[in-house]
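Novice: sharing a sequence plus its predicted fold:
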Amino acid sequence: MIKAIIFDFDGVLVESVDIKTKAFAKLFESERKEIVEKIVDYHLKNAGVSRFEKFRYIYKEILERELTDEIFKALCKRFSELVVDEVVNAPYVKGAKEFLDAYSVVYDCYIASATPQEEIEEIIKRRNMMRYFKGIYGSPKKKVDIVREILTVNTSSLSPQSSVLSPYPSILPTQSSPLSPQSFVYVGDALSDYEATKDNLVNFIARINDNESIFANIDCIKVKDLCRLAEVIKELAKA
């Protein structure tokens, strides 16, 4: 039986993928057109990877320039300025709000995002979504490590009070007995999401939206939006 759900954020709960794509193009708009196209293409092919890793790759492999700490901090600051307000105001993925309203009291829900920790917390607070989640995790942690961390808290015999792994110790899981990895399902839209579940033996559901090629050769459950997510999870539990 499924007891807990881990959601990616951009492109799974909120239609914000294009906002990040436009921000990468804007950030490097002073470069030649073909360079900007390479940067955007790299970004799109590496959805789910943190912007920190992307900036390092772009400077080393595409621009072939040194990325100083000063430039790195300026890029991070400018990127946040370009995206935060727009993500706060972005629409939900169809069915996402309805699912969270109805089922966040049924399942333990978590966020695993490539967005920096402080920024994803700010976005979720400003969208009034904090009440839905027992934990919110962002970069620099990798998603595979985030999933492992959530599982460690929930699948061990440690009492919630004894753990220091969650950023929200006051709202740690309340189950009286440990959960198994198979009682978790992860809903994501990037290869990094799928790989995080594969390494941790967690069920996976792919949200498909202009990313069909990523999952073309992957045998997993695929949904176009979250309107039928409750039914899909119930069916998954029977499998």
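Specialist: Sure thing, it's come through.

Novice: okay, now Phe133: neighbour count?
Specialist: 20 (other CB atoms under 10 Å). For every residue, glycine as well, the C-beta is placed using N, CA and C.

Novice: which non-adjacent residue is nearest it?
Specialist: Take Phe133 and drop its neighbours on the chain: the residue closest to it by CB to CB, 6 or more residues apart in numbering is Cys109, 5.1 Å away.

Novice: quick one: Tyr194 and Ile218 touch, right?
Specialist: Yes: contact between Tyr194 and Ile218 holds when scored by CB atoms under 8 Å: they sit 6.2 Å apart.

Novice: packing partners for whichever strand or helix holds Cys76?
Specialist: Secondary structure assigned from DSSP states H and E places Cys76 in helix 69-88. Counting contacts by 3 or more CB pairs under 8 Å, 6 or more residues apart in numbering; DSSP states H and E, the secondary-structure elements packed against helix 69-88 are helix 17-27, helix 51-57, helix 117-126.

Novice: so for Met1, which of the ones you listed sits nearest?
Specialist: Within those, the stretch nearest Met1 is helix 117-126; the backing value is 27.1 Å (CB to CB).

Novice: in the closest one, which residues are buried?
Specialist: Within helix 117-126, the residues scored as buried using 16 or more other CB atoms under 10 Å are Glu119, Ile120, Glu121, Glu122, Ile123, Ile124.

Novice: ok, now which ones touch the third one?
Specialist: With contacts taken as CB atoms under 8 Å, 6 or more residues apart in numbering, Glu121 has the following neighbours: Ile136, Gly138.

Novice: same check on Ser180?
Specialist: Contacts of Ser180 (CB under 8 Å, 6+ apart): Thr155.

Novice: how close does it sit to Asp41?
Specialist: 39 Å (CB to CB, to the nearest Å).

Novice: quick one: the strands in this protein?
Specialist: 4-7, 108-116, 135-139, 184-188, 203-207, 221-223 (DSSP state E).

Novice: domains of the chain?
Specialist: Structural domains assigned to the chain are 2-14+91-155+179-235, 16-87, following the TED database.

Novice: in a markdown table: those domains, plus mean pLDDT.
Specialist: Listed next are the domains of the chain as a markdown table, based on pLDDT from 0 to 100:
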| stretch | mean pLDDT |
| --- | --- |
| domain 2-14+91-155+179-235 | 94 |
| domain 16-87 | 95 |
